[in-house]
Each structure stands twice: as C-alpha cells, then as structure tokens.
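In: Any chance you can model this:
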Amino acid sequence: MFFFNPFWPLTALRIASLKATSTLLLLLLIKSNLLRLKGGLIGGLVALTLMSGLIVSSTVAGGAAYYILQNKKSNDDEVNMSDDDDVINAEAVSA
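Out: Purely as a prediction, here's the structure:
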C-alpha cells in the first residue's frame, strides 16, 4: 500500500534544485573547457606569429649581411693602388 508523504513538495523542491545545480555546474564546466581551448588556440597563433617573425627577421638580417660581405669583396677587387705615391685610388661604384 502506498503511503502519502506530506513533505512531497520539499522533496520535489530538493530534486529540482539538485537538477538545476548539476545543470549549472555542467554548463560552467563546458564553458571552462571551451575557454581553455580558445585560449590555447589564440596562444598558439600568437606563438606561431612570433616564431615566424623571428625567422623572417633573422633571414632578412642574414641576407643583408651576405649582401654587405659580397659588396665589400667586389669593392676590394676594384681598388687600384698607384705605384708611385702609395695612395689608394678607389672608383665610386653605383649599383
């Protein structure tokens, strides 16, 4: 035989609040995981941008150093020394 519980509104309220709390906690957990994922993606893109900028700038600096050394070698070949007064005569080279 089924006995009627006079406190059933309190029990129903307790169950409903438990469901609401668990739903809220689940939503907060999902939000936290999505924010972590988004932060990781943004951080990865920033790191990739910084690393590619470092590679590009070091490549440009290396190319400039190579160009300067090659230009210096070609200028050294064009320097003429006169035998009579030991003066170095360099012709202006325009690129």
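In: quick one, helices of this structure?
Out: For the chain, applying DSSP state H gives helices covering 8-78.
In: Can you find the helix or strand of it with the lowest average pLDDT?
Out: strand 80-81 (a mean of 53; mean pLDDT, DSSP states H and E).
In: Low-confidence ranges, this structure, go.
Out: 1-2, 75-95 (pLDDT under 70).
In: Kindly recompute the last result at 90.
Out: Within the chain, the ranges that satisfy pLDDT under 90 run 1-12, 34-35, 37, 39, 69-95.
In: Now for residue 27, how many residues are close by?
Out: Look at residue 27: counted by other Cβ atoms under 10 Å, it has 10 neighbours. For glycine as for every other residue, the C-beta is placed from the backbone atoms N, C-alpha and C.
In: dump the residue contacts of residue 37.
Out: Applying Cβ atoms under 8 Å, 6 or more residues apart in numbering, we find residue 37 in contact with no residue.
In: I'd like the distance between residue 48 and residue 57.
Out: 15 Å (Cβ to Cβ, to the nearest Å).
In: ditto for residue 5
Out: Counting by Cβ to Cβ, the separation of residue 5 from residue 57 is 76 Å.
In: same question, residue 22
Out: Taken as Cβ to Cβ, the span from residue 22 to residue 57 is 52 Å.
In: ditto for residue 35
Out: For residue 35 relative to residue 57 (Cβ to Cβ), the value is 32 Å.
In: Same check on residue 16?
Out: Distance of residue 16 to residue 57, given as Cβ to Cβ: 61 Å.
In: again with residue 73
Out: For residue 73, the distance to residue 57 - Cβ to Cβ - is 25 Å.
In: swap in residue 71?
Out: 21 Å.
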